[in-house]
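> This is a predicted model, with the sequence first.
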Amino acid sequence: MATLTASNRSATRLLNNVRIRHFTPNWFATTMGTGILAICLGQFPHSPLLVQMGGFLWLANGALFVALAALYVAKWLFHSRDALRAVEHPVVSMFFGCIPMGLATIVNGALIFGIPMFGAVAAQVAVYLWWIDAFLAVLAGLAIPYAMFTRQEHAFEHMSAIWLLPIVASGVTAASGGLLLPHIDGASAQLTVLFASCVLWACSLPLALSILTILFLRLALHKLPPASMAATAFLALGPIGTGALGLMLFAANGRSVLEANGLDAIAAAISGAALLGAILLWAYGLWWLGVAAAVTVRYLKIGLSFNLGWWAYTFPMGVYAVATLRLSTMIPVPALGVFGALLVVVLAATWLLVATRTALGALDGALFSDPCLEQ
């Protein structure tokens with residue numbers, strides 16, 4: 001019996017070491033998908049049950065982020081050479097952007113759920129976390145494209161929407177900054193965050209739209225990517241949804257900040273322009289949503305095998321749903337609210353499926369596979 005127990009412990013240690021060595025940053029996509037579902041549920045204040053469920057998910061997501069961060073730190077400590085290989089990998093490196101985007105959902109959740117739970121201290125913590133998130137987003141947005149230009153090998157026919165991931169991170173942080181504005185003490189500090197958010201937005205969305213233009217050409221010339229990349233069809237909704245949401249929040253919360261800092265003359269114009277831009281971006285997202293749905297149906301007919309990439313079905317749809325629901329509060333068109341609620345229902349069903357499959361794969365270790373180690 002003692003021999004069997006020792007053998008089991010040895011096997012467990014070996015499996016845990018394999019999990020650490022094969023841990024990749026794409027695991028942080030789980031925090032993005034879980035966090036955005038929590039935020040979506042928080043958009044229904046007239047349904048206390050949904051808000052409570054969102055708060056529970058937010059807490060669970062915070063614990064998940066800490067656990068994943070601990071695993072990744074362990075990899076850098078004990079397998080630093082293997083961890084460094086991710087920078088040179090043309091696919092794995094893109095998922096560094098998932099780290100700040102996952103953290104952004106926790107920051108947003110702190111404002112939606114944390115303040116009612118823990119009081120004003122949650123807002124103070126959110127401000128500090130936001131600046132950390134901004135640093136990580138800028139780092140991913142600069143370092144990964146630089147690695148693409150200098151160290152990685154890419155081919156046009158192999159391009160996919162995952163190129164967006166390190167770029168979108170700054171846009172997600174920008175939208176978080178817009179949500180954070182009313183919770184910051186002092187007009188000057190508010191203006192600083194608003195200005196920083198505008199810079200982050202500008203460092204993300206224009207570049208993301210240019211990538212989408214190239215992606216359109218790649219799809220026309222080389223057709224759809226392999227089935228293992230099927231979920232990337234929804235990634236286009238990420239920058240479009242966060243870009244639109246950021247502009248809506250700038251319009252809703254930025255005007256008072258500008259006025260409080262003596263910029264009354266331009267406050268109304270900037271707010272109106274931001275709202276118009278948000279509407280146009282949101283409408284543009286309808287086209288990509290339709291294409292993504294059609295492409296997904298085609299892939300389903302072929303057959304899909306599960307992988308961590310399936311989390312790409314969650315966050316982009318979720319952020320577009322949040323943008324839709326936010327727009328419904330600013331533009332009195334009843335269909336917007338209905339459409340946003342429908343997107344949340346689809347998101348919740350998708351999350352349940354993907355989260356269940358991920359949990360099973362994590363338990364048996366099947367999903368811990370670092371392609372960098374195959375080179």
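It's in. Numbering: from 1, shown residues only.
> mind listing what's buried in the one helix or strand residue 196 maps to?
Residue 196 is part of helix 187-202, with elements assigned from DSSP states H and E. For helix 187-202, the neighbour count (16 or more other CB atoms under 10 Å) marks 190-191, 193-194, 196-198, 200-201 as buried. Glycine gets a C-beta too; all of them are placed from N, C-alpha and C.
> Could you name the helices and strands sitting against that helix?
Secondary-structure packing of helix 187-202 (3 or more CB pairs under 8 Å, 6 or more residues apart in numbering; DSSP states H and E): helix 121-150, helix 165-180, helix 237-260.
> relative to helix 165-180, how tilted is the first one?
Orientation note: helix 121-150 sits at an angle of 160 degrees relative to helix 165-180 (axes from the mean of the first three to the mean of the last three CA atoms, to 10 degrees).
> export the buried residues of helix 187-202 to TSV and tack on distance to residue 170 and pLDDT?
Formatted as TSV, the buried residues of helix 187-202 follow (distance: CB to CB, whole Å; pLDDT from 0 to 100):
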residue	distance to residue 170	pLDDT
190	20	97
191	19	97
193	14	98
194	15	97
196	10	98
197	10	98
198	11	97
200	4	98
201	7	98
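> nearest to residue 346, of those?
Residue 346 lies nearest to residue 201 out of the buried residues of helix 187-202, by CB to CB, at 27.0 Å.
> I'd guessed that closest one sits against residue 248; true?
No - contact criterion CB atoms under 8 Å: residue 201 and residue 248 do not qualify, at 11.8 Å.
> Where does pLDDT dip in this protein?
The chain contains residues with pLDDT under 70 at 1-16, 375.
> rewinding a little: gap between the helix holding residue 196 and the chain center?
In terms of CA atoms, centre = their mean, to the nearest Å, the centre of helix 187-202 is set 20 Å apart from its chain centre.
> what helices or strands is the very next helix or strand once past it leaning on?
Next along the chain after helix 187-202, taking DSSP H and E as the criterion, comes helix 205-222. Packing contacts for helix 205-222, counted by 3+ CB pairs under 8 Å, 6+ apart, involve helix 165-180, helix 237-260.
> could you point out which element follows the longest one?
This means helix 237-260. Using DSSP H and E, the next helix or strand after helix 237-260 towards the C-terminus is helix 264-302.
> now for that following helix, which elements pack on it?
Helix 264-302 sits against helix 237-260, helix 315-330, with contacts defined as 3+ CB pairs under 8 Å, 6+ apart.
> could you check the angle helix 264-302 makes with the helix or strand following the last one?
Looking back up the chat, that one is helix 315-330. Downstream of helix 315-330, the first helix or strand assigned by DSSP H and E is helix 334-364. Counting by the same axes, to 10 degrees, helix 334-364 lies at 60 degrees to helix 264-302.
> orientation of helix 334-364 relative to helix 237-260 in degrees?
Going by the same axes, to 10 degrees, helix 334-364 makes 120 degrees with helix 237-260.
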